[in-house]
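Colleague: Generate a structure from the sequence data that follows.
(2 chains)
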Amino acid sequence: MNRRRALVALGGLGLTGTSAWVLQSDVGESDDALPMRVETLDAPGSSAGGVRVPPENAVTVLDLFATWCAPCEKQMDALTAVRESYGDEVAMLSVTNERLGGSLTKGDLREWWRDHDGAWTLGLDPASDLMTALGAGSIPHLAIFDASGEVRWQEGGLTDEETLRTEIDRALREA
Amino acid sequence: MNRRDYLRTATAVGIAGAAGCTGMLDSDANPNVTLGKPDRDADITSEDLPYPAWGQKVPAVSLPAPLDDRTVDLRSVGKPSLLTFFYSHCQTVCPVLVSAMRNVQTHSLNEEYADDVAFFPTTFDPARDDAERFRAYADKMNVDTDAGNWHFLRPESKDRAKSVVQEEFGVRFDRTEPDDMDRYMFAHSALTFLVNADGYVERAYRSKSPNADTIISDLEEVRA
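Modeller: Prediction:
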(Lines give C-alpha, C1' and ligand atoms only; values in the text may rest on other atoms or scores of the structure.)
Protein backbone atom coordinates (compact mmCIF):
# COMPACT_ATOMS: atom_id res chain seq x y z
CA MET A 1 0.00 0.00 0.00
CA ASN A 2 1.11 3.52 -0.66
CA ARG A 3 1.14 5.02 2.80
CA ARG A 4 1.68 8.54 1.63
CA ARG A 5 -1.43 8.49 -0.54
CA ALA A 6 -3.45 7.00 2.29
CA LEU A 7 -2.25 9.76 4.59
CA VAL A 8 -3.58 12.46 2.35
CA ALA A 9 -7.05 11.01 2.61
CA LEU A 10 -6.77 10.36 6.29
CA GLY A 11 -9.08 12.19 8.61
CA GLY A 12 -8.91 10.08 11.73
CA LEU A 13 -5.37 10.86 12.73
CA GLY A 14 -5.42 14.51 13.58
CA LEU A 15 -2.27 16.53 13.70
CA THR A 16 -1.54 18.01 17.06
CA GLY A 17 -0.87 21.63 17.76
CA THR A 18 2.53 22.84 18.70
CA SER A 19 2.16 26.03 20.67
CA ALA A 20 -0.33 24.98 23.34
CA TRP A 21 0.54 22.97 26.38
CA VAL A 22 -2.84 21.38 26.37
CA LEU A 23 -3.83 18.09 24.82
CA GLN A 24 -7.35 17.40 23.83
CA SER A 25 -8.89 14.79 26.02
CA ASP A 26 -9.59 11.67 24.02
CA VAL A 27 -10.57 9.56 26.97
CA GLY A 28 -14.24 9.16 27.66
CA GLU A 29 -15.39 10.75 30.86
CA SER A 30 -16.73 8.20 33.29
CA ASP A 31 -16.83 9.73 36.72
CA ASP A 32 -19.08 6.91 37.88
CA ALA A 33 -15.78 5.31 38.89
CA LEU A 34 -15.69 7.91 41.65
CA PRO A 35 -15.32 7.91 44.56
CA MET A 36 -12.10 5.93 44.60
CA ARG A 37 -9.26 5.33 47.02
CA VAL A 38 -5.94 6.99 46.23
CA GLU A 39 -2.68 6.10 47.96
CA THR A 40 -0.96 9.05 49.62
CA LEU A 41 2.66 9.72 50.35
CA ASP A 42 4.53 11.01 53.35
CA ALA A 43 5.67 14.49 52.21
CA PRO A 44 5.31 18.11 53.33
CA GLY A 45 1.60 18.64 54.11
CA SER A 46 0.85 14.99 53.34
CA SER A 47 0.97 11.72 55.24
CA ALA A 48 1.31 8.13 54.08
CA GLY A 49 -1.92 6.22 53.74
CA GLY A 50 -4.89 6.82 51.52
CA VAL A 51 -7.66 9.27 50.80
CA ARG A 52 -11.10 9.03 49.32
CA VAL A 53 -11.44 11.03 46.10
CA PRO A 54 -13.45 13.14 46.28
CA PRO A 55 -13.31 13.61 50.04
CA GLU A 56 -16.64 13.77 51.85
CA ASN A 57 -18.16 17.09 52.85
CA ALA A 58 -15.42 19.35 51.52
CA VAL A 59 -14.89 21.56 48.54
CA THR A 60 -11.79 20.06 46.95
CA VAL A 61 -9.21 21.18 44.44
CA LEU A 62 -7.67 18.21 42.65
CA ASP A 63 -4.47 18.67 40.63
CA LEU A 64 -3.24 15.94 38.29
CA PHE A 65 0.46 16.33 37.57
CA ALA A 66 3.78 14.60 36.83
CA THR A 67 7.32 15.53 37.82
CA TRP A 68 8.51 15.71 34.18
CA CYS A 69 5.75 18.15 33.24
CA ALA A 70 7.06 21.72 33.03
CA PRO A 71 3.66 23.47 33.14
CA CYS A 72 2.82 21.38 36.21
CA GLU A 73 5.69 23.16 37.97
CA LYS A 74 4.15 26.50 37.07
CA GLN A 75 0.75 25.27 38.22
CA MET A 76 2.13 24.85 41.74
CA ASP A 77 2.40 28.64 42.12
CA ALA A 78 -1.34 29.21 41.71
CA LEU A 79 -2.09 26.21 43.90
CA THR A 80 0.23 27.50 46.62
CA ALA A 81 -1.44 30.93 46.53
CA VAL A 82 -4.87 29.32 46.80
CA ARG A 83 -3.69 27.16 49.66
CA GLU A 84 -2.40 30.17 51.54
CA SER A 85 -5.58 32.19 51.25
CA TYR A 86 -8.24 29.48 51.66
CA GLY A 87 -6.43 27.36 54.25
CA ASP A 88 -8.58 24.53 55.55
CA GLU A 89 -11.69 25.93 53.92
CA VAL A 90 -10.91 23.82 50.85
CA ALA A 91 -9.25 20.43 50.64
CA MET A 92 -6.36 20.12 48.20
CA LEU A 93 -4.86 17.09 46.57
CA SER A 94 -2.15 16.68 43.94
CA VAL A 95 -1.86 13.29 42.26
CA THR A 96 0.78 11.99 39.85
CA ASN A 97 0.15 9.10 37.47
CA GLU A 98 3.84 8.25 37.42
CA ARG A 99 4.71 4.73 38.43
CA LEU A 100 7.33 4.65 41.14
CA GLY A 101 10.32 2.44 40.40
CA GLY A 102 13.24 2.44 38.01
CA SER A 103 14.81 5.85 38.25
CA LEU A 104 11.89 7.50 40.07
CA THR A 105 11.69 6.88 43.81
CA LYS A 106 9.46 8.19 46.58
CA GLY A 107 12.47 10.32 47.53
CA ASP A 108 12.54 11.91 44.06
CA LEU A 109 8.84 12.68 44.30
CA ARG A 110 9.27 14.23 47.77
CA GLU A 111 12.18 16.29 46.47
CA TRP A 112 10.07 17.62 43.58
CA TRP A 113 7.28 18.38 46.07
CA ARG A 114 9.60 20.29 48.38
CA ASP A 115 11.25 22.15 45.49
CA HIS A 116 7.83 23.39 44.37
CA ASP A 117 6.51 24.25 47.84
CA GLY A 118 3.89 21.51 48.00
CA ALA A 119 2.05 21.73 51.33
CA TRP A 120 -1.06 19.56 50.92
CA THR A 121 -1.98 15.96 50.25
CA LEU A 122 0.19 14.19 47.67
CA GLY A 123 -1.23 11.08 46.02
CA LEU A 124 -0.21 8.32 43.59
CA ASP A 125 -2.27 7.02 40.66
CA PRO A 126 0.07 4.63 38.83
CA ALA A 127 -2.72 3.01 36.81
CA SER A 128 -4.12 6.43 35.79
CA ASP A 129 -7.51 5.41 37.22
CA LEU A 130 -8.23 8.91 38.42
CA MET A 131 -7.23 10.41 35.07
CA THR A 132 -9.55 7.95 33.34
CA ALA A 133 -12.42 8.63 35.73
CA LEU A 134 -12.15 12.35 35.04
CA GLY A 135 -11.53 11.91 31.32
CA ALA A 136 -8.24 13.78 31.68
CA GLY A 137 -6.14 13.50 28.54
CA SER A 138 -3.45 15.93 29.55
CA ILE A 139 -1.64 17.35 32.52
CA PRO A 140 -1.78 19.61 34.37
CA HIS A 141 -5.46 18.89 34.79
CA LEU A 142 -7.44 20.55 37.57
CA ALA A 143 -10.85 19.63 38.94
CA ILE A 144 -12.98 21.20 41.65
CA PHE A 145 -15.48 19.11 43.58
CA ASP A 146 -18.25 20.63 45.63
CA ALA A 147 -19.02 19.45 49.16
CA SER A 148 -21.45 16.85 47.86
CA GLY A 149 -18.70 15.28 45.77
CA GLU A 150 -19.87 16.48 42.35
CA VAL A 151 -17.33 17.73 39.81
CA ARG A 152 -18.24 21.40 39.46
CA TRP A 153 -15.46 22.40 37.10
CA GLN A 154 -12.45 20.81 35.42
CA GLU A 155 -9.97 21.77 32.74
CA GLY A 156 -6.76 20.52 31.16
CA GLY A 157 -3.75 22.80 30.84
CA LEU A 158 -2.31 25.50 33.03
CA THR A 159 -4.99 27.30 35.07
CA ASP A 160 -4.36 30.77 36.46
CA GLU A 161 -4.99 31.77 40.04
CA GLU A 162 -7.95 34.00 39.23
CA THR A 163 -9.84 31.23 37.47
CA LEU A 164 -9.16 28.91 40.37
CA ARG A 165 -10.50 31.42 42.89
CA THR A 166 -13.60 32.07 40.81
CA GLU A 167 -14.38 28.37 40.55
CA ILE A 168 -13.59 27.63 44.19
CA ASP A 169 -15.82 30.51 45.32
CA ARG A 170 -18.62 29.23 43.13
CA ALA A 171 -18.30 25.72 44.62
CA LEU A 172 -18.24 27.16 48.16
CA ARG A 173 -21.24 29.40 47.51
CA GLU A 174 -23.33 26.70 45.93
CA ALA A 175 -22.45 24.04 48.45
CA MET B 1 6.12 -26.08 15.17
CA ASN B 2 8.32 -24.39 17.71
CA ARG B 3 7.18 -23.79 21.24
CA ARG B 4 6.32 -20.15 20.72
CA ASP B 5 4.20 -20.92 17.67
CA TYR B 6 2.51 -23.72 19.52
CA LEU B 7 1.72 -21.52 22.48
CA ARG B 8 0.43 -18.74 20.28
CA THR B 9 -1.85 -21.13 18.44
CA ALA B 10 -3.09 -22.50 21.73
CA THR B 11 -3.78 -18.97 22.97
CA ALA B 12 -5.53 -17.99 19.77
CA VAL B 13 -7.74 -21.04 20.00
CA GLY B 14 -8.52 -20.11 23.57
CA ILE B 15 -9.54 -16.61 22.60
CA ALA B 16 -11.56 -17.78 19.62
CA GLY B 17 -13.29 -20.33 21.81
CA ALA B 18 -14.26 -17.80 24.42
CA ALA B 19 -15.19 -15.26 21.79
CA GLY B 20 -17.45 -17.76 20.08
CA CYS B 21 -19.99 -17.05 22.75
CA THR B 22 -20.18 -13.43 21.65
CA GLY B 23 -20.42 -14.25 17.98
CA MET B 24 -16.91 -13.26 16.84
CA LEU B 25 -16.21 -14.34 13.27
CA ASP B 26 -13.29 -16.49 12.17
CA SER B 27 -11.83 -13.52 10.34
CA ASP B 28 -11.26 -11.92 13.72
CA ALA B 29 -8.39 -14.33 14.38
CA ASN B 30 -4.94 -14.10 12.83
CA PRO B 31 -2.31 -16.82 13.27
CA ASN B 32 0.54 -14.29 13.49
CA VAL B 33 -0.72 -12.37 16.49
CA THR B 34 -1.83 -13.21 20.00
CA LEU B 35 -4.32 -10.43 20.55
CA GLY B 36 -7.69 -10.52 18.86
CA LYS B 37 -8.85 -8.02 16.30
CA PRO B 38 -8.97 -4.53 17.79
CA ASP B 39 -12.28 -2.85 18.34
CA ARG B 40 -13.01 -1.02 15.10
CA ASP B 41 -15.66 -0.69 12.46
CA ALA B 42 -16.38 -4.05 10.89
CA ASP B 43 -15.62 -2.92 7.36
CA ILE B 44 -12.17 -1.57 8.18
CA THR B 45 -9.26 -3.93 7.70
CA SER B 46 -5.62 -3.42 8.61
CA GLU B 47 -4.87 -2.93 4.91
CA ASP B 48 -7.12 0.13 4.89
CA LEU B 49 -5.05 1.93 7.49
CA PRO B 50 -2.11 4.23 6.70
CA TYR B 51 0.06 2.65 9.37
CA PRO B 52 1.15 -0.91 10.10
CA ALA B 53 -1.85 -2.33 11.95
CA TRP B 54 -3.00 -5.47 13.70
CA GLY B 55 -1.57 -8.63 12.15
CA GLN B 56 0.76 -6.83 9.74
CA LYS B 57 4.52 -7.09 9.82
CA VAL B 58 6.45 -4.22 11.30
CA PRO B 59 8.25 -2.36 8.49
CA ALA B 60 11.61 -3.87 7.53
CA VAL B 61 13.75 -0.99 8.70
CA SER B 62 17.00 -0.66 10.59
CA LEU B 63 17.71 2.41 12.66
CA PRO B 64 20.73 3.53 14.67
CA ALA B 65 20.48 3.37 18.47
CA PRO B 66 23.02 6.07 19.36
CA LEU B 67 23.24 5.28 23.07
CA ASP B 68 23.97 1.62 22.32
CA ASP B 69 26.42 2.14 19.44
CA ARG B 70 24.46 -0.23 17.26
CA THR B 71 21.73 -0.45 14.67
CA VAL B 72 18.42 -2.09 15.45
CA ASP B 73 16.61 -4.16 12.83
CA LEU B 74 13.00 -3.82 13.93
CA ARG B 75 11.95 -7.17 12.48
CA SER B 76 14.66 -9.06 14.34
CA VAL B 77 14.17 -7.84 17.88
CA GLY B 78 13.06 -11.30 19.00
CA LYS B 79 10.98 -10.11 21.94
CA PRO B 80 7.81 -8.04 22.32
CA SER B 81 8.53 -4.37 21.77
CA LEU B 82 6.90 -0.99 21.98
CA LEU B 83 7.54 1.79 19.49
CA THR B 84 6.55 5.39 19.50
CA PHE B 85 7.62 8.51 17.60
CA PHE B 86 8.56 11.81 19.19
CA TYR B 87 10.95 14.75 19.27
CA SER B 88 12.48 15.94 22.48
CA HIS B 89 11.67 19.64 22.05
CA CYS B 90 7.97 18.81 21.91
CA GLN B 91 5.98 20.27 24.78
CA THR B 92 2.60 18.76 24.23
CA VAL B 93 2.02 15.24 23.01
CA CYS B 94 5.46 13.66 22.99
CA PRO B 95 6.15 13.86 26.74
CA VAL B 96 2.81 12.15 27.32
CA LEU B 97 3.64 9.40 24.81
CA VAL B 98 7.11 8.91 26.26
CA SER B 99 5.83 9.03 29.82
CA ALA B 100 3.25 6.30 29.07
CA MET B 101 6.06 4.19 27.64
CA ARG B 102 8.22 5.02 30.63
CA ASN B 103 5.46 3.86 32.97
CA VAL B 104 5.38 0.53 31.12
CA GLN B 105 9.17 0.28 31.42
CA THR B 106 8.93 0.88 35.17
CA HIS B 107 6.26 -1.79 35.43
CA SER B 108 8.63 -4.20 33.63
CA LEU B 109 11.35 -3.40 36.16
CA ASN B 110 9.07 -3.63 39.19
CA GLU B 111 7.53 -6.90 37.98
CA GLU B 112 10.86 -8.33 36.80
CA TYR B 113 10.22 -8.90 33.13
CA ALA B 114 12.49 -6.10 31.93
CA ASP B 115 14.56 -8.52 29.82
CA ASP B 116 11.46 -9.74 28.00
CA VAL B 117 10.43 -6.46 26.43
CA ALA B 118 12.15 -3.67 24.45
CA PHE B 119 11.27 0.00 24.08
CA PHE B 120 12.07 1.98 20.93
CA PRO B 121 11.12 5.64 21.14
CA THR B 122 12.12 7.01 17.75
CA THR B 123 12.83 10.65 17.03
CA PHE B 124 11.76 12.38 13.84
CA ASP B 125 14.05 15.32 14.62
CA PRO B 126 17.55 13.91 14.10
CA ALA B 127 18.95 17.43 13.64
CA ARG B 128 18.48 18.18 17.33
CA ASP B 129 18.02 14.76 18.95
CA ASP B 130 21.46 13.22 19.28
CA ALA B 131 22.96 10.90 21.88
CA GLU B 132 23.67 13.68 24.32
CA ARG B 133 20.18 15.10 23.99
CA PHE B 134 18.69 11.60 24.46
CA ARG B 135 20.62 11.20 27.73
CA ALA B 136 19.32 14.50 29.10
CA TYR B 137 15.78 13.72 27.95
CA ALA B 138 15.87 10.27 29.58
CA ASP B 139 16.93 11.92 32.81
CA LYS B 140 14.13 14.47 32.63
CA MET B 141 11.51 11.85 31.85
CA ASN B 142 12.74 9.46 34.59
CA VAL B 143 13.55 6.78 32.04
CA ASP B 144 15.93 4.09 33.30
CA THR B 145 18.54 3.83 30.55
CA ASP B 146 20.57 1.39 32.67
CA ALA B 147 17.79 -1.18 32.52
CA GLY B 148 19.06 -2.29 29.11
CA ASN B 149 15.62 -2.42 27.48
CA TRP B 150 15.16 1.23 26.48
CA HIS B 151 16.69 2.18 23.13
CA PHE B 152 16.24 5.61 21.60
CA LEU B 153 16.33 5.32 17.80
CA ARG B 154 17.51 8.06 15.49
CA PRO B 155 17.11 8.08 11.70
CA GLU B 156 20.37 9.32 10.17
CA SER B 157 18.87 12.35 8.44
CA LYS B 158 15.77 14.46 7.93
CA ASP B 159 15.01 12.56 4.72
CA ARG B 160 15.47 9.23 6.41
CA ALA B 161 13.09 10.35 9.19
CA LYS B 162 10.46 11.22 6.56
CA SER B 163 10.83 7.92 4.75
CA VAL B 164 10.80 5.77 7.87
CA VAL B 165 8.55 7.56 10.35
CA GLN B 166 6.03 9.05 7.93
CA GLU B 167 5.99 6.66 5.00
CA GLU B 168 6.69 3.34 6.73
CA PHE B 169 5.01 3.93 10.09
CA GLY B 170 2.32 6.37 8.99
CA VAL B 171 3.20 8.95 11.63
CA ARG B 172 2.78 12.24 9.83
CA PHE B 173 4.88 15.19 10.89
CA ASP B 174 5.25 18.70 9.50
CA ARG B 175 7.74 21.28 10.63
CA THR B 176 6.18 24.49 11.99
CA GLU B 177 7.58 27.88 12.99
CA PRO B 178 5.40 29.08 15.86
CA ASP B 179 5.28 32.88 16.19
CA ASP B 180 5.74 32.73 19.93
CA MET B 181 8.84 30.57 19.80
CA ASP B 182 12.38 31.06 18.66
CA ARG B 183 12.71 27.51 17.41
CA TYR B 184 10.94 25.18 15.05
CA MET B 185 8.45 22.61 16.22
CA PHE B 186 6.38 19.90 14.53
CA ALA B 187 2.72 19.23 14.05
CA HIS B 188 2.46 15.47 14.15
CA SER B 189 0.16 12.53 14.69
CA ALA B 190 0.46 10.18 17.66
CA LEU B 191 0.92 6.42 17.42
CA THR B 192 2.34 3.77 19.72
CA PHE B 193 2.87 0.21 18.44
CA LEU B 194 2.99 -3.07 20.30
CA VAL B 195 4.94 -5.55 18.17
CA ASN B 196 5.31 -9.23 19.07
CA ALA B 197 8.50 -11.31 19.16
CA ASP B 198 7.97 -12.41 15.55
CA GLY B 199 7.73 -8.84 14.30
CA TYR B 200 3.95 -8.57 13.85
CA VAL B 201 1.93 -5.61 15.05
CA GLU B 202 -0.42 -6.62 17.85
CA ARG B 203 -1.79 -3.16 18.52
CA ALA B 204 -1.44 0.36 17.12
CA TYR B 205 -2.61 2.77 19.80
CA ARG B 206 -3.82 5.95 18.14
CA SER B 207 -4.02 8.00 21.28
CA LYS B 208 -2.24 11.20 22.27
CA SER B 209 -2.44 9.93 25.82
CA PRO B 210 -2.20 6.14 25.62
CA ASN B 211 -3.21 4.35 28.79
CA ALA B 212 -0.14 2.60 30.21
CA ASP B 213 -2.29 0.04 31.99
CA THR B 214 -3.99 -0.98 28.75
CA ILE B 215 -0.57 -1.42 27.15
CA ILE B 216 0.71 -3.37 30.16
CA SER B 217 -2.28 -5.68 30.00
CA ASP B 218 -1.96 -6.20 26.20
CA LEU B 219 1.77 -6.77 26.60
CA GLU B 220 1.13 -9.36 29.28
CA GLU B 221 -1.01 -11.36 26.85
CA VAL B 222 1.57 -11.04 24.10
CA ARG B 223 4.36 -12.16 26.44
CA ALA B 224 2.40 -15.17 27.70
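Colleague: Sketch out the low-pLDDT regions of chain B for me.
Modeller: For chain B, the stretches flagged by pLDDT under 70 are B:1-27.
Colleague: Mind checking what secondary structure residue A:72 has?
Modeller: helix (DSSP: H, G, I helix; E, B strand; the rest coil).
Colleague: which residues touch it?
Modeller: By C-beta atoms under 8 Å, 6 or more residues apart in numbering or on different chains, the contact set of residue A:72 is A:63, A:65-66, A:139-140. Bear in mind the C-beta positions are built from the backbone N, C-alpha and C, glycine included.
Colleague: so which of the residues you listed also contact chain B?
Modeller: Subset of those in contact with chain B: A:66, A:139, counting by C-beta under 8 Å from any C-beta of the partner chain.
Colleague: what about residue B:44, how many neighbours?
Modeller: Residue crowding around residue B:44 was assessed by other C-beta atoms under 10 Å in any protein chain shown; the count is 12.
Colleague: Also residue A:106?
Modeller: Neighbours around residue A:106, by other C-beta under 10 Å: 13.
Colleague: Could you pull up the residues touching it?
Modeller: Residues counted as contacts of residue A:106 (C-beta under 8 Å, 6+ apart) are A:41-42, A:100.
Colleague: Just read off the phi/psi values of it.
Modeller: Residue A:106 adopts backbone torsions of phi -60, psi -40, taken as degrees, to the nearest 10.
Colleague: What of residue A:88?
Modeller: phi -80, psi 0.
Colleague: From residue B:184, how far out is it?
Modeller: Using C-beta to C-beta, to the nearest Å, residue A:88 is found at 48 Å from residue B:184.
Colleague: which of the two has more neighbours?
Modeller: Per other C-beta under 10 Å, whichever of residue A:88 and residue B:184 has more neighbours is residue B:184, with 15 against 8.
Colleague: Contact partners for the more buried one?
Modeller: For residue B:184, the contact set (C-beta under 8 Å, 6+ apart) comprises B:175-177.
Colleague: cool, residue B:145 as well?
Modeller: Applying C-beta under 8 Å, 6+ apart, we find residue B:145 in contact with B:67, B:135, B:138.
Colleague: Please pick the buried ones from those.
Modeller: Among these, those that count as buried by neighbour count (16 or more other C-beta atoms under 10 Å in any protein chain shown) are B:67, B:138.
Colleague: out of the contacts of residue B:145, who's nearest chain A?
Modeller: Checking these against chain A by C-beta to the nearest C-beta gives residue B:138 as the nearest, at 8.3 Å.
Colleague: Now do the SS call for that closest one.
Modeller: The assignment at residue B:138 comes out as helix when based on three-state DSSP.
Colleague: Same check on residue A:122?
Modeller: With three-state DSSP as the basis, residue A:122 sits in strand.
Colleague: Phi, psi for the closest residue in space to residue A:36 that isn't next to it in sequence please.
Modeller: Closest residue to residue A:36 apart from its sequence neighbours, by C-beta to C-beta, 6 or more residues apart in numbering or on different chains: residue A:53 at 5.7 Å. Per-residue torsions, residue A:53: phi -120, psi 120 (degrees, to the nearest 10).
Colleague: same thing with residue A:105?
Modeller: Main-chain dihedrals, residue A:105, degrees, to the nearest 10: phi -110, psi 170.
Colleague: Can you show me the helices along chain B?
Modeller: Using DSSP state H, the helices found in chain B span residues B:3-20, B:93-110, B:131-140, B:158-161, B:212-223.
Colleague: Would you check how far apart residue B:199 and residue A:85 are?
Modeller: For residue B:199, the distance to residue A:85 equals 58 Å [C-beta to C-beta].
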